[in-house]
Every structure is written in C-alpha cells, then in structure tokens.
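S.K.: missing the sequence, but the structure's below:
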C-alpha cells in the first residue's frame, strides 16, 4: 500500500510539472540540406564525423535574441543560410544559426528543433549543447515570466538528458581550455553579453537543487 501511494505521488508530481511547462511545437525546416550542413560543421569545427547530426546534450546555453518577435525570430532561424553581413560567422560555415527552444516574453515556450539534433548557437560547444533563445535584448530586459519558463524548461531537460552544465551565452569562454571545448579554429571566438548576469542569477536561484555547474 505504501508503495502504491509513493507511485501515485510521483505521478502527481510529473503531471504537475507538465502542467507548469507547456511546450508548443513550432519546428523549423530541418531539411536534408540542413542535415548536410550540420554534419559538415560538426566535421570541420568539432572534428566529429557522423552519419546523422545527433548530439548528446550535456550543457544548456541560455541566450537572448537581441530583439524581434516569436514570428520574426522563427523566420530568421528557419533560414538555411546565414545572411552575408554576418561575415565572421559565414566565413566559418554557411549554415545559419538556430536554437532548440524559443521563449516569448510572456513565458510561452516553443520548440524549434529536437534537443538531440545539432544546432549552431554556441562556438565550440554546439555538439553537446541545447540552445534556449529568449525574446529580448540589453535594452529590453528579459521578464520574470521568462525566468520562470526557463527554470521549468531546464528542470524538464535535466531530467530527460544527462545535463551537467547551465551557462549564459556570455559565459561560454570559460570552456575554451577544457576537454569539452571542440573548435578546430583557435581564432574563432566572439564576445557575447546575453542573456545578462542578472537573468542568470535569477535562474540559478531557482535551480540550486539540480547542482548544475557553470564552468568545467
């Protein structure tokens, strides 16, 4: 009887968590050509030769979009190729940047790509990182509802995958001399400031029980 009550309580907890986090499927076009460009990127930049662009997530990286709306950012990420004016990135690969999740300012979570598929969002770590983009910018600070949504999403992902690290995009440089860093071009690195130290502090306050690391 005690065992039955334990199972019922666990089921209730899982249902409650699912109710707190609603993920809306809004997939970008992960076409054969995107798969090919992803495999090329993994080979050229991570020195990984694979038949499919699958990843084993170990890191979650939080970003902000630097503006726009859900629809404008979805259209941007859905493009296969980088635009010409992003020369630093395009010189490394024509593959467009994207992310696995996109969080609106009201906390609504959209899934763009399966978390076990490669996306280009964080130099050196794409092969093992889930990217979460948030609608906002330095002049448009991320909201408390986005804090709540990101925390719930990280909890969900940490239960589903072997996640060890949680970082903001601005923090990714600490991995450069670690075993996790895989970037064949030592000069390929860009400074970032998203999603902001205050946002990361608030997120981490809600996730202390997960004991996720911020550096290698």
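M.R.: Ah, there it is. These numbers were taken from a predicted model, which means no experiment stands behind them.
S.K.: what secondary structure does the residue most central in space within the chain sit in?
M.R.: When the chain is reduced to its mean C-alpha position, the nearest residue by Cα atoms, centre = their mean turns out to be residue 131, at 1.1 Å. Assigned by DSSP: H, G, I helix; E, B strand; the rest coil, the conformation of residue 131 is strand.
S.K.: tell me the spacing between it and residue 209.
M.R.: Here residue 131 is placed at a distance of 23 Å from residue 209 (Cβ to Cβ, to the nearest Å). All C-beta atoms are positioned from the backbone trio N, CA, C, and that covers glycine.
S.K.: so who does the residue nearest to the centre of the chain touch?
M.R.: Contacts for residue 131 were tallied using Cβ atoms under 8 Å, 6 or more residues apart in numbering; they are 61, 63, 98-101, 119, 121-122.
S.K.: can you pick out the most distant pair from the residues you listed?
M.R.: Pairwise distances across the contacts of residue 131 (Cβ to Cβ) peak at 13.7 Å, for the pair 101 and 122.
S.K.: pick out whichever of these two has more residues nearby.
M.R.: For residue 101 against residue 122, the residue with the higher neighbour count under other Cβ atoms under 10 Å is residue 101, and the figures read 25 against 22.
S.K.: now the strands: where do they sit in this structure?
M.R.: Assigned by DSSP state E, the chain shows strands spanning 23-25, 59-64, 101-103, 109-111, 129-134, 165-168.
S.K.: which residues of this structure fall in helices?
M.R.: Read by DSSP state H, the chain holds these helices, from start to end of the chain: 2-20, 32-46, 70-78, 87-90, 144-160, 197-205.
S.K.: okay, the ones you listed in a markdown table with distance to residue 190 next?
M.R.: Written out in a markdown table, the entries for the helices of the chain read as follows (distance: least, Cβ to Cβ, whole Å):
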| stretch | distance to residue 190 |
| --- | --- |
| helix 2-20 | 35 |
| helix 32-46 | 13 |
| helix 70-78 | 18 |
| helix 87-90 | 7 |
| helix 144-160 | 23 |
| helix 197-205 | 18 |
